[in-house]
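[1] need coordinates for the below:
(one chain, ligands or ions: 1)
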Amino acid sequence: MKNRFAQYHSPLEQSLKHSIAYLESLDDREVIKGATSQELRELIGGPLPLHSADPVQVIDDLVKNVDKGLLASGGPRFFGYAIGGSFPASLAADWMVSAWDQNVPYYVGSPAMSVVEETAAEWMVELLGLTKGSAVGFTSGAQEAIYTGLITARNTLLHRAGWDAARKGLYGAPRINVVASDEIHSTIKRALSMIGVGLEDVIKVPTDDNLRIIPEEVSKVVASCKGPTLICAQAGCIDSGAFDPFDELADIVEEHGNAWLHVDGAIGLWAAASDKQKHRLKGIERADSIDTDGHKWFNMPYDCGMIIVKDPATIISAMGGNNMGDYLNDAMAKPDRNAINFGIAASRRARGVPVYAAFKSLGKEGIVSHLDNSCDLAKRMADKLAEVDGITILNDVVSNRFSAQFGHGDQAYRDDLTERVVHRLQDEGYLYPSTSSYKGLKTMLFSVLNCHTDTNDIDLSAEKIINAYLTEVSRDK
Ligand SMILES: Cc1ncc(COP(=O)(O)O)c(C=O)c1O
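    The predicted structure is shown next:
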């Protein structure tokens, strides 16, 4: 009898061929090809298919029809937002994850994947110098990790205040004070709005010129917070890369008695792995919970994030794994790692496998070299731009990113010019920075996260940025 699984052979082989062609095009590919949504709908949409089609043809058509609408965000000159590429072994491992198609929240669902994720989690905690034995959950990204971390914080703070949130819900619960910097990321606010803590009463603490929270201000505010208090800080601000002062924040938490420190490390936590950079994150190991992303600076294929919680008992209790149906009693009784204890998903792919593959293929040395290289390249670009009259770098470049503004004159003119320069660069397609804002100024946000970016990309991109700036200015004369 013919092997029924032989039918996967041709479509997978075709996918391999197209994948390699796409990846090899990234060196020269325009970052964006600019197809309109209408053009894409015409290529991709149409009536619901009634009949079957050859899987190889499906893959060929898919590849052809999406091409003009792909953003080459995995390429070496994508400098916008916070998007990384993929380490080769991690991308290949991710394919294996799809082929194995294992469901990993329970050890019984995949003993092998559970042990791979357990190992990746332990290596990650060691690499980052965090507390041995911390719990690590693999999530879809930092947003889900933040959500998981803040639910853990909420339940633990309320439990210490004598309230069982899992059983009683939040009606009548003690109020939780929330203290956060005025630069806190939108995904923290989003999570607060979803977990019943609310946004209205968040106490915003000012930041310094580098968008770093001012610890003396936190101290003053927290001193007046009676009862459960959540402090949200960040390791790597999206617009400046700045790290909040974790040691000082951890001292404030300790003094308070019932406070919790959550650190959003989506952008910069990985810097803790580097001897050159880790002094900027001093005290990070004292945070109660930390979220980070695999798919940004750590160059995992989408999607991959992590939540790290110093006291595993708190996340295990908050994730409520003991409330599962009887059909899962056997599964939960296993003494081995049940990942459902460290995350929300009751079914998910083995996101820890590409992480494991990165550790195996690069080793600590290779990972640190990628991290240091990104910071050096961001600095190299900032230094080149700063030499040009009329280009202002707004922050000290301490990590993988910076914000810049273009032009002289009043703010309205500089804001408009900056936006025009960024849009010109995006339209030209050689590189892709994005727009953002910095203390009320419109900016170009420049972020280096991709493991393939090199000095040549930076030098040629610097020329393009300077040319775009000079061209836009000359149009105004
Ligand atoms: C500082 C910060 N925190 C959290 C997030 C959310 O990460 P994700 O998109 O992986 O959910 C982002 C995304 O850009 C971010 O920049």
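
[2] helix, strand, or coil at the closest residue to residue 322 other than its chain neighbours?
    Excluding its sequence neighbours, the residue lying closest to residue 322 (Cβ to Cβ, 6 or more residues apart in numbering) is residue 332, at 6.8 Å. The way it works is simple: take the backbone N, C-alpha and C, and place the C-beta from them, glycine included. Put simply, residue 332 is helix when judged by DSSP: H, G, I helix; E, B strand; the rest coil.

[3] pLDDT score for residue 332?
    We have a pLDDT of 85 for residue 332.

[4] now the one 5 residues further on
    As predicted, residue 337 sits at a pLDDT of 93.

[5] residue 66 too?
    97.

[6] and the next element down the chain from the strand or helix carrying it?
    If you go by DSSP states H and E, residue 66 is part of helix 55-66. Per DSSP H and E, helix 55-66 leads on to helix 88-100 as the next helix or strand towards the C-terminus.

[7] can you pull the buried residues of whatever helix or strand comes next after that next one?
    Elements were assigned by DSSP H and E; along the chain past helix 88-100, the next helix or strand is helix 111-127. For helix 111-127, burial by neighbour count (16 or more other Cβ atoms under 10 Å) applies to 113, 114, 116, 117, 118, 119, 120, 121, 123, 124, 125, 127.

[8] quick one: which of those residues is nearest to the ligand?
    residue 124 (16.1 Å; Cβ to the nearest ligand atom).

[9] for that closest one, what are its contacts?
    Going by Cβ atoms under 8 Å, 6 or more residues apart in numbering, residue 124 touches 136, 306, 308, 355, 359.

[10] as JSON lines, these with distance to the ligand, secondary structure and pLDDT would be great.
    Shown next, in JSON lines, are the contacts of residue 124 (distance: Cβ to the nearest ligand atom, whole Å; DSSP: H, G, I helix; E, B strand; the rest coil; pLDDT from 0 to 100):
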{"residue": "136", "distance to the ligand": "16", "secondary structure": "strand", "pLDDT": "98"}
{"residue": "306", "distance to the ligand": "10", "secondary structure": "strand", "pLDDT": "98"}
{"residue": "308", "distance to the ligand": "14", "secondary structure": "strand", "pLDDT": "98"}
{"residue": "355", "distance to the ligand": "14", "secondary structure": "helix", "pLDDT": "98"}
{"residue": "359", "distance to the ligand": "20", "secondary structure": "helix", "pLDDT": "98"}
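
[11] which among those residues end up buried?
    136, 306, 308, 355, 359.

[12] farthest pair in those residues?
    308 and 359 (15.6 Å; Cβ to Cβ).

[13] packing partners for whichever helix or strand residue 39 is part of?
    Using DSSP H and E, residue 39 maps to helix 37-44. With contacts defined as 3 or more Cβ pairs under 8 Å, 6 or more residues apart in numbering; DSSP states H and E, helix 37-44 has these neighbours: helix 55-66.

[14] how far out from the middle of the chain is the helix it packs on?
    30 Å (Cα atoms, centre = their mean, to the nearest Å).

[15] tell me which other helices or strands it touches.
    On a contact count with 3+ Cβ pairs under 8 Å, 6+ apart, helix 55-66 meets helix 9-25, helix 37-44.

[16] circling back to that earlier point, can you redo the buried residues of helix 111-127 as a markdown table with pLDDT and distance to residue 73?
    Listed next are the buried residues of helix 111-127 as a markdown table, based on pLDDT from 0 to 100; distance: Cβ to Cβ, whole Å:
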| residue | pLDDT | distance to residue 73 |
| --- | --- | --- |
| 113 | 98 | 27 |
| 114 | 97 | 31 |
| 116 | 98 | 27 |
| 117 | 98 | 26 |
| 118 | 98 | 31 |
| 119 | 98 | 29 |
| 120 | 98 | 24 |
| 121 | 98 | 27 |
| 123 | 98 | 27 |
| 124 | 98 | 24 |
| 125 | 98 | 29 |
| 127 | 98 | 25 |
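
[17] list the buried ones in the lowest-mean-pLDDT helix or strand in the chain?
    For the chain, counting by mean pLDDT, DSSP states H and E, helix 329-333 ranks last in confidence among helices and strands (a mean of 84). Across helix 329-333, burial judged by 16+ other Cβ under 10 Å covers 331, 332.

[18] CA atoms of it as CSV?
    C-alpha atoms of helix 329-333 as CSV (Å, rounded to 0.1, in the frame of the first residue of the first chain):
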residue,chain,number,x,y,z
ASN,A,329,-6.5,14.8,35.4
ASP,A,330,-4.0,12.2,34.3
ALA,A,331,-2.1,14.7,32.2
MET,A,332,-1.9,17.2,35.0
ALA,A,333,-0.8,14.6,37.5
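
[19] coming back round to it: tell me which of the buried residues of helix 111-127 is nearest to residue 88?
    residue 120 (17.1 Å).
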